[in-house]
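# Next come a sequence and a model predicted from it.
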Amino acid sequence: MVSKEREVAIEAVLKACTVCQKVFNTLVKGETVIKQDESPVTIGDFAAQAIVSITLQKHFPDFKLVGEENSKALKESESLRKRVTNLVNETLESKYSEEEIMKAIDRGTYEGGSTGNFWVIDPIDGTMGFLRGGQYAVCLGYTVNGEITLGVLGCPNLPCNDMDENGPKGCLFIGEKGLGAFQRNFGSNEDVKIHVSQADTTAKAKFCESFESSHSSHKDSAEIASLLNITLPPIRIDSQCKYGIIARGNAEVYLRFAREGYIENTWDHAAGSLIVKEAGGIVCDMYGKPLDFSKGRQLINNKGVIATNGILHNQVMKAIKSVFKLNNVLLA
Ligand SMILES: Nc1ncnc2c1ncn2[C@@H]1O[C@H](COP(=O)(O)O)[C@@H](OP(=O)(O)O)[C@H]1O
Ligand SMILES: [Mg+2]
């Protein structure tokens, strides 16, 4: 049976994707002067988080939400507040007040933790990709007692069929614990089961990483790829779309090595990591430890993020151990 959480999460993510596309088409394309606090990304982030929060509230009045955004900037700027409010009301065909919208956004200040149920939202993951007209994702996860049990990624610009840029674009990835991973294309109601690649040699493998080298060291990943005899160039795309393409088998390995001291946020990995696991892959940190979503808003127990198709996992982890000269790396 399809859970109510899954249906509501899909509804929320699709509506949030609609607002992001609207912001891109009307603001990013048309806007010439962008003030820092009224950038399209800011407007889109607030509107998308408000829409997800309002949709969850409608179905689960007591819901808790770990969200990337809060209403501080809206409280400080009347024009920003008005623009976000109009955008949300246009999209939902509703009449929420500015106060109601800010309250909805601030539901996202929950601290998370190891007990109870809560949602995790990244309203626009891949800010840089969004602005470039590249990849970004609306990412919604659901956590039960510190473990992600549901993840939905909305990827408005991602090709539906493999990486075919000429075909249709816009797809959802859905993962539910124990029930597998699925892709649903925008405009369709059909969920198609997806699975990681069955490639069993690294020489033929494809790896993906952040477009932005400031988010993940391209130099380190190149060294690891070389040690693994990977010859194909990296697939560099923004956002959790990377988890989506691993889950449906377009690439076998996702490497993420942030600068020293950077702690990953739960909303950047919650939905995507479950989708890869449900598609048969493995997700862990650079020491082979599972991502621990039970410690609050950030992944304080983890460093780096690795996702693989499972088959190549141990080879990848051994290469990481060698390149970073680590003593302890857990194998699968
Ligand atoms: N120095 C850094 N190292 C690693 N990740 C970073 C970073 N600065 C920002 N990020 C995170 O990287 C996310 C984008 O991931 P990717 O590089 O895979 O596209 C950003 O999400 P937002 O775009 O939601 O802010 C942000 O949370
Ligand atoms: Mg993000």
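Alright, I've got the coordinates. Ligands and ions are numbered 1, 2, ... in the order given.

# what number of residues lie near Asp220?
18 (other CB atoms under 10 Å). From N, CA and C alone the C-beta is placed, and that goes for glycine too.

# got the contact list for it?
Neighbouring residues of Asp220 by CB atoms under 8 Å, 6 or more residues apart in numbering: 255, 257, 323-324.

# for stretch 43-63, the distance to its chain's centre please.
Per CA atoms, centre = their mean, to the nearest Å, the displacement of stretch 43-63 from the mean C-alpha position of its chain is 17 Å.

# could you list every residue that touches the residue nearest the centre of the chain?
Centre of the chain computed as the mean C-alpha position; nearest residue by CA atoms, centre = their mean is Gln240, 3.6 Å away. For Gln240, the set of contacting residues under the criterion of CB under 8 Å, 6+ apart consists of 122, 125-126, 137, 139, 153, 268-269, 271-272.

# now with 6 Å?
125, 137, 139, 153, 272 (CB atoms under 6 Å, 6 or more residues apart in numbering).

# Identify all contacting residues around stretch 169-183.
Identification of contacts with stretch 169-183 by CB under 6 Å, 6+ apart yields 6, 149-160, 184-186, 191-194, 244, 247-248, 274-275, 278-279.

# Sort out for me which of those are in helices.
Cross-referencing the contacts of stretch 169-183 with the helices (criterion: DSSP state H) gives 6, 244, 247, 274-275, 278 as the overlap.

# Show me which of the residues you listed are buried.
Buried members of those, scored by 16 or more other CB atoms under 10 Å, are 6, 244, 247, 274-275, 278.

# picking that back up, of the contacts of stretch 169-183, select the buried ones using a ChimeraX command.
A single ChimeraX command selects the buried members of the contacts of stretch 169-183 (16+ other CB under 10 Å):
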select :6,149,150,151,152,153,154,155,156,157,158,159,160,184,185,186,191,194,244,247,248,274,275,278,279
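
# Near ligand 2, which residues of the stretch 151-300 of the chain? Just list them.
Taking CB under 5 Å from the ion, the part of the stretch 151-300 of the chain that reaches ligand 2 is made up of Asp268.

# which residues in the stretch 151-300 of the chain form helices?
In the stretch 151-300 of the chain, the segments counted as helices under DSSP state H, counting those that start in this stretch are 218-227, 241-247, 270-278.

# so what's the residue in the chain positioned nearest to ligand 2 up against?
Relative to ligand 2, the nearest point of the chain is Asp125 (3.6 Å; CB to the ion). Counting by CB under 6 Å, 6+ apart, Asp125 touches 137, 139, 239-240.

# now do Arg236
Neighbour list for Arg236: 209, 211 [criterion: CB under 6 Å, 6+ apart].

# Before we move on, what's the pLDDT of it?
At Arg236, the predicted lDDT confidence score is 98.

# which other residues reach the longest strand along the chain?
With residue count as the measure and DSSP state E as the assignment, the chain has strand 147-159 as its longest strand. For strand 147-159, the external contacting residues (CB under 6 Å, 6+ apart) are 5-6, 9-10, 13, 17, 21, 135, 137-142, 165, 167, 169-177, 240-241, 244, 270-272, 274-275, 293.

# touching ligand 1 at all, stretch 257-269?
Yes - part of stretch 257-269 sits near ligand 1 under the criterion CB under 6 Å from any ligand atom, namely 258-259, 262, 265, 268.

# could I get those as JSON lines with neighbour count and pLDDT?
Output for the residues of stretch 257-269 next to ligand 1, formatted as JSON lines (neighbours: other CB atoms under 10 Å; pLDDT from 0 to 100):
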{"residue": "Ala258", "neighbour count": "17", "pLDDT": "97"}
{"residue": "Arg259", "neighbour count": "9", "pLDDT": "96"}
{"residue": "Tyr262", "neighbour count": "13", "pLDDT": "97"}
{"residue": "Asn265", "neighbour count": "16", "pLDDT": "98"}
{"residue": "Asp268", "neighbour count": "23", "pLDDT": "98"}
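
# quick one: which of these is nearest Thr26?
Sorting the residues of stretch 257-269 next to ligand 1 by distance to Thr26 puts Asp268 at the head of the list, at 26.6 Å, by CB to CB.

# How many neighbouring residues does Gln198 have?
Here the number of neighbours of Gln198 (other CB under 10 Å) works out to 11.

# Give me the pLDDT value at it.
The confidence metric pLDDT takes the value 98 at Gln198.

# helix/strand/coil for the residue nearest to Asn145 when sequence neighbours are not counted?
Beyond its immediate neighbours in the sequence, the residue positioned closest to Asn145 (CB to CB, 6 or more residues apart in numbering) is Thr115, lying 5.9 Å away. At Thr115 the chain is in coil, as set by DSSP: H, G, I helix; E, B strand; the rest coil.
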